[in-house]
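A.B. asks: Could you work out the structure for the sequence below:
(one chain, ligands or ions: 1)
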Amino acid sequence: MRLILLGPPGAGKGTQAKVLSQQFEIPHISTGDMLRQVVSQGTPFGRLAKGYMDKGELVPDDVVIQIVQERLQLPDAKSGFMLDGFPRTLAQAEALDKALQVSAAPVDLVINFHTSQEVSISRLGGRRVCKKCNANYHIKNMPPKREGICDSCSGELYQREDDTPSTVMNRLKVYEEQTKELIGYYKAKGILRRVDGDLEVNGANRSLLEIFKKEALK
Ligand code: AP5
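C.D. replies: Numbering: from 1, shown residues only. All right, here's what the predicted structure looks like:
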């Protein structure tokens, strides 16, 4: 199964991708996670990416496209993948199509997480992430058993630097201006399906599984 999860910040793409990647045994490829890893290494490229991410702007296409192309070459992506946060521009979508044409393995489905702005804002404001294993929590919706501590690995939970109110607002604006047009792009290809991103986690997962069943995807 080759899947793209599309939707605004806070739609729950990462949360669903983690569950689906276990359910279907395919890698969850998140450009946000990959970029945050590079940022944490403090390389010149990491510093460049951080400048964009801290403001809620997109990292330049050529850089992100190269990272994804390299990731898709790894053996675990040969039998399928779940892209989360990529593509985010028309140029990225076209580059992905071109890269997949070579292996004659196009994207099967694009899931559009239709999410209201109020929900996105409230989810991002309360998000906490584990420093060690990247697990995702929410102070109200999905609180950890012990405050500030990851249930899975006891790592410390932190608030992402781009989850501040002003950066969240800019990320939502950037989504509207630069990413939302991909809905039309994939609709025209006949591979776009919609889920209600405002649903709670299990409800959204059930909707996704129903879509995959209907499409006979494995
Ligand atoms: P990225 O990390 O991709 O951020 P994003 O797209 O803004 O998405 P989020 O991770 O914020 O939201 P999500 O939909 O995954 O929600 P989540 O499941 O975590 O990108 C960050 C930055 O990197 C970008 O701004 C850009 O600078 C750069 N970048 C990345 N990719 C790029 C690209 N392709 N090109 C250029 N630049 C790029 O959930 C959020 C919260 O809600 C959590 O607390 C969770 O616990 C909770 N929650 C989730 N689902 C539910 C639910 N159903 N009900 C209740 N609570 C829920």
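
A.B. asks: Who is the residue positioned nearest the centre of the chain paired with across the strands?
C.D. replies: Computing the C-alpha centroid of the chain and ranking residues by Cα atoms, centre = their mean puts residue 84 first, at 2.8 Å. Residue 84 has these beta-bridge partners by DSSP bridges: residue 5, residue 30.

A.B. asks: Quick check: closest non-adjacent residue to whichever residue of the chain sits closest to the ligand.
C.D. replies: Closest residue of the chain to the ligand, Cβ to the nearest ligand atom: residue 32 (1.9 Å). (Each C-beta comes from the backbone N, C-alpha and C, glycine too.) Excluding its sequence neighbours, the residue lying closest to residue 32 (Cβ to Cβ, 6 or more residues apart in numbering) is residue 85, at 4.7 Å.

A.B. asks: Beta-bridge partners for the residue lying farthest from the centre of the chain, please?
C.D. replies: The C-alpha centroid of the chain is most remote from residue 146, which lies 26.4 Å away (Cα atoms, centre = their mean). Counting by DSSP bridges, residue 146 is bridged to residue 149.

A.B. asks: Could you list the contact residues of the chain toward the ligand?
C.D. replies: Applying Cβ under 6 Å from any ligand atom, one finds that the chain approaches the ligand through 7, 9-15, 31-32, 35, 52-53, 56-59, 64, 85-86, 88, 92, 123-124, 126-127, 136-138, 141-142, 162, 171, 199-201, 204.

A.B. asks: Would you indicate which residues of stretch 28-48 are buried?
C.D. replies: Along stretch 28-48, these residues count as buried under the neighbour rule (16 or more other Cβ atoms under 10 Å): 28, 29, 30, 31, 32, 33, 34, 35, 36, 38, 39, 46.

A.B. asks: Next step: those residues restricted to helices.
C.D. replies: Mapping these onto helices (DSSP state H) picks out 31, 32, 33, 34, 35, 36, 38, 39, 46.

A.B. asks: Let me see the contact set for the second one.
C.D. replies: Residues touching residue 32, when contacts are defined by Cβ atoms under 8 Å, 6 or more residues apart in numbering, comprise 14, 84, 85.
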